[in-house]
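Colleague: What shape does this take:
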Amino acid sequence: MNPSPDRGRLAAYQRKRDFGRTPEPAGDQPAPGPGLEEGPRFVVQRHRARRLHYDLRFEMDGVLVSWAVPKGPTLDPDVKRIAIHVEDHPIEYLNFEGVIPAGGYGGGDVIVWDRGTWAPHETDDPVKAVADGELHVDVTGEKLRGRLILVRSGPANGTGQEQWLLLHKHDADAVPGWNPEDHPESVLSGRTNDEVKAHPDRMWRSDLPAAEASVPVEPPGEPARKPRKRASGKAARPVAIDRHTDELTKLDGLGPAGSLDVFGRRLRLTNLDKVLFPARPGEEPVTKRELIRYTIQVAPVVLPYLAGRPLNMHRFPGGAETAGFWQKALPEHAPDWIGRWDNPEADRGKTHTYLVVDEPAALIWAANFGALEWHAWTARAADPSRPTYALIDIDPGTSTSWDDVLVLARLHRAALDHLGVLGRPKLTGRRGIQVWIPIAPGPGFEDTRAWVEELSRSIGSVVPELVSWKWDVSERGGRARLDYTQNVSHKTLVAPYSPRAAAGAPISAPLEWDELDDPGLRPDSVTIRTAMDRLARRGDPFRALLDGDQALPPIT
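Modeller: Next up is the predicted model:
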C-alpha cells in the first residue's frame with residue numbers, strides 16, 4: 001500500500017496553486033489506491049508552460065518527488081540533461097492530463113508522456129539518496145526503460161531549486177540518438193499537447209473506461225456543469241453479419257458470367273474473372289467476382305447510409321488502372337425494380353434520373369455495372385436542399401504525411417468533444433480522413449458549410465504549418481486543406497464501406513475515434529478482403545450516427 005504522505009511535504013505545491021481555478025489535484029485527499037505490484041510508479045509529463053519541458057516524477061513515501069527536465073529524458077547514453085529539482089507533487093498527479101489556466105502557476109497544457117514502474121539501484125532508501133544528491137533507478141515505462149541516473153550538480157538557486165544532471169546508463173536499453181520529441185503522444189489518452197490544448201475544459205481520468213475518461217473540469221467551488229453528449233458517443237454496436245453462404249457458393253460456381261438469385265432478385269453477372277484492382281506486393285489481384293462477393297456481404301450494412309439518397313457511380317469498366325468516369329444518370333437499361341429519383345429542378349442537359357439504392361440488390365447491380373466506388377448525396381431525395389450530415393474533409397497535400405493527417409483528425413476529435421458534438425471519422429481509402437457529423441433536419445448547406453469552416457479554421461490556427469486555405473493545389477505549398485466546401489448541394493463524398501479504385505481494393509472504412517491512436521492504422525489498411533472480418537469483430541462505428549440527430553452548437 002502507499003504510505004500516507006507527510007502533508008507538510010506538499011505545502012510548497014499547494015501554496016503555489018489556486019485550486020479554485022486549476023484542475024490539478026489539490027493533494028488533500030488520501031493517495032489513490034496502492035502502487036503497482038511490480039514496484040513504485042513513475043510518470044513523465046510533457047508540459048508546455050512558458051517553455052516546453054518534461055516533468056519526471058518518482059513515487060516515494062506517498063508523494064511524487066519531481067524534477068523538471070527542459071529538454072526531456074532520453075535513452076541516448078551520451079547525452080546529459082539538466083534537471084531542476086522542484087517541489088513534491090501529490091500521488092494523484094500520476095494521472096493528471098489537462099490544461100492549467102493561463103496566469104496560474106505552470107499555466108499551459110500537460111500530457112502524460114510516459115509512465116510505468118521503477119526500482120532503486122544501489123540503495124534501499126531512495127529518499128535518503130535524493131537528499132544525498134545521487135539517485136540511480138531502473139525504469140520500466142512505455143517509452144523509457146533501463147537505468148537512469150540523477151546527480152546533483154549545484155546548490156539551490158534563489159527559488160530553492162537545486163540543479164541536477166540526468167543521464168541514461170550505457171546498458172541494453174540505451175538507444176543512441178533517441179529524441180523524446182519524436183514520441184509526442186500521451187501514453188494515457190493517445191492525445192498530443194495540441195489536442196489537449198484544443199479543449200481546455202476537459203481532463204483525463206485514468207480510473208474510468210477509455211470511452212468515458214475525458215471528463216469536464218470542475219475545480220472546487222465551480223458549479224457542476226450539465227453533462228454534454230460526448231463526441232465519441234457510444235461504442236460501436238455489434239453488427240449481425242450474414243455471410244450469405246448459399247449465394248456465395250453459387251457465385252463461386254458460376255463461370256465467367258451467369259445469373260444469381262440474391263436478396264429476392266435475379267441478377268445477370270458478367271466478366272466475373274476480370275481483374276478490376278491490381279495486386280499489392282505479395283497479394284493476388286482482385287477480380288470482379290471478389291467485388292461482387294464483397295458487395296453481397298456488405299450491402300445490408302451500407303444500405304442505411306445510401307437509402308433514399310441519389311447515388312453517383314464512379315465507374316471503371318476497364319478496371320481501376322484505367323480512366324474511370326462518373327455515371328450520374330441511371331441508364332435506360334436498368335431493371336424496372338431499381339430505385340430511382342427524378343430531379344424536378346434539373347436544367348436541360350443535366351442529370352434528371354438518379355440511382356437510389358433502396359435495397360441491397362441494387363448495390364450489387366451497380367457493382368456489376370462497373371461502379372467500383374459509391375458516392376451518395378449528403379441530403380435525401382425527399383429534401384435535397386437540407387443535408388443530414390455536416391462533413392469535415394481532411395485533404396492531404398503533396399507534403400502532408402500520414403502522421404500529419406492523424407494530428408489534424410485528432411484535433412477535430414478534441415474540438416468535437418469540447419463542443420459535445422457526435423461525429424465519427426472515416427478513412428477515405430486514399431490518403432485522407434473524413435468526419436461525418438449527423439444533424440437534425442433544418443440547416444441548409446450554407447449553414448453547415450459556415451459551421452464546418454469556423455471549426456476547421458480554429459483548428460488550422462493551432463497548426464498553421466500543416467494547413468493551407470488556398471483553393472488551388474499548386475498554391476498550397478504541399479500542405480493539407482481542411483475542405484469545408486464539401487458541404488454544398490449535390491456534392492458527394494465516398495460512402496462508408498465503398499471500395500476505392502486502387503491496388504488491393506481498399507475501402508472507405510468507418511473508425512472509432514480511438515483507432516486514430518493505433519500506430520498500425522494506415523489510410524488504405526482495410527480492404528474488401530478484410531472488411532467483413534473487421535465488421536464482425538468490431539461492429540460498425542457509424543451506426544451511432546443513425547441515431548444522432550443534433551443541432552450544431554455555437555463554436556466557443
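
Colleague: Tell me where the stretch 151-300 of the chain has strands.
Modeller: Counting by DSSP state E, counting those that start in this stretch, the segments of the stretch 151-300 of the chain that form strands are 162-168, 202-204, 214-216, 258-262, 265-269, 275-277, 286-287.

Colleague: will you turn these into a markdown table that also has distance to residue 484?
Modeller: The way it works is simple: take the backbone N, C-alpha and C, and place the C-beta from them, glycine included. Written out in a markdown table, the entries for the strands of the stretch 151-300 of the chain read as follows (distance: least, C-beta to C-beta, whole Å):
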| stretch | distance to residue 484 |
| --- | --- |
| strand 162-168 | 46 |
| strand 202-204 | 24 |
| strand 214-216 | 25 |
| strand 258-262 | 40 |
| strand 265-269 | 39 |
| strand 275-277 | 31 |
| strand 286-287 | 34 |
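
Colleague: Including mean neighbour count, distance to residue 413 and mean pLDDT, could those strands go into JSON lines?
Modeller: As requested, those are exported to JSON lines (neighbours: other C-beta atoms under 10 Å; distance: least, C-beta to C-beta, whole Å; pLDDT from 0 to 100):
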{"stretch": "strand 162-168", "mean neighbour count": "19", "distance to residue 413": "34", "mean pLDDT": "95"}
{"stretch": "strand 202-204", "mean neighbour count": "22", "distance to residue 413": "12", "mean pLDDT": "64"}
{"stretch": "strand 214-216", "mean neighbour count": "19", "distance to residue 413": "10", "mean pLDDT": "63"}
{"stretch": "strand 258-262", "mean neighbour count": "16", "distance to residue 413": "38", "mean pLDDT": "95"}
{"stretch": "strand 265-269", "mean neighbour count": "15", "distance to residue 413": "40", "mean pLDDT": "95"}
{"stretch": "strand 275-277", "mean neighbour count": "23", "distance to residue 413": "31", "mean pLDDT": "98"}
{"stretch": "strand 286-287", "mean neighbour count": "22", "distance to residue 413": "32", "mean pLDDT": "98"}
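
Colleague: between these, which one is nearest to residue 308?
Modeller: The minimum distance between residue 308 and those falls on strand 265-269, with 19.0 Å, by C-beta to C-beta.

Colleague: what does the closest one rub up against?
Modeller: For strand 265-269, the external contacting residues (C-beta atoms under 8 Å, 6 or more residues apart in numbering) are 251, 254, 257-261, 292, 335, 337, 359, 361, 364-365, 368.

Colleague: Which of the residues you listed are buried? Put it as a ChimeraX command.
Modeller: Entered in ChimeraX, the line below selects the buried ones among those, by 16 or more other C-beta atoms under 10 Å:
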select :251,260,292,359,361,364,365,368
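
Colleague: Just flag the most distant two among the contacts of strand 265-269.
Modeller: Every pair in the contacts of strand 265-269 was compared (C-beta to C-beta); the two farthest apart turn out to be 257 and 359, at 22.9 Å.

Colleague: Show me which of the contacts of strand 265-269 is closest to residue 22.
Modeller: Set against residue 22, the nearest of those by C-beta to C-beta is residue 359 (57.2 Å).

Colleague: distance of that closest one from residue 14?
Modeller: As for residue 359, its distance to residue 14 is 66 Å (criterion: C-beta to C-beta, to the nearest Å).

Colleague: do the same with residue 345
Modeller: From residue 345 over to residue 14 the distance is 67 Å, taken as C-beta to C-beta.

Colleague: Which of these two has more residues huddled nearby?
Modeller: A side-by-side neighbour count of residue 345 and residue 14, using other C-beta atoms under 10 Å, places residue 14 first with 14 against 8.

Colleague: which element is that one on?
Modeller: Residue 14 is part of helix 11-15 when elements are defined by DSSP states H and E.

Colleague: With residue 301 instead?
Modeller: In the assignment (DSSP H and E), residue 301 maps to helix 288-306.

Colleague: Packing partners of that helix?
Modeller: In this structure, helix 288-306 makes packing contacts with helix 245-253, strand 275-277, helix 360-368, strand 371-377, helix 531-538, judged by 3 or more C-beta pairs under 8 Å, 6 or more residues apart in numbering; DSSP states H and E.

Colleague: ok, now with 10 Å
Modeller: helix 245-253, strand 258-262, strand 265-269, strand 275-277, helix 360-368, strand 371-377, helix 531-538, helix 543-546 (3 or more C-beta pairs under 10 Å, 6 or more residues apart in numbering; DSSP states H and E).

Colleague: Give the rounded mean pLDDT of that helix.
Modeller: Mean pLDDT, taken over the full extent of helix 288-306, equals 95.

Colleague: next SSE after that helix?
Modeller: Tracing the chain C-terminally past helix 288-306 and defining elements by DSSP H and E, one meets strand 310-315 next.

Colleague: Give me the sheet partners of that following strand and which way each runs.
Modeller: Counting by DSSP bridges, the strands paired with strand 310-315 are strand 325-327 (antiparallel), strand 353-356 (antiparallel), strand 371-377 (antiparallel).

Colleague: Report the angle between that strand and helix 360-368.
Modeller: Relative orientation of strand 310-315 versus helix 360-368 (axes from the mean of the first three to the mean of the last three C-alpha atoms, to 10 degrees): 30 degrees.
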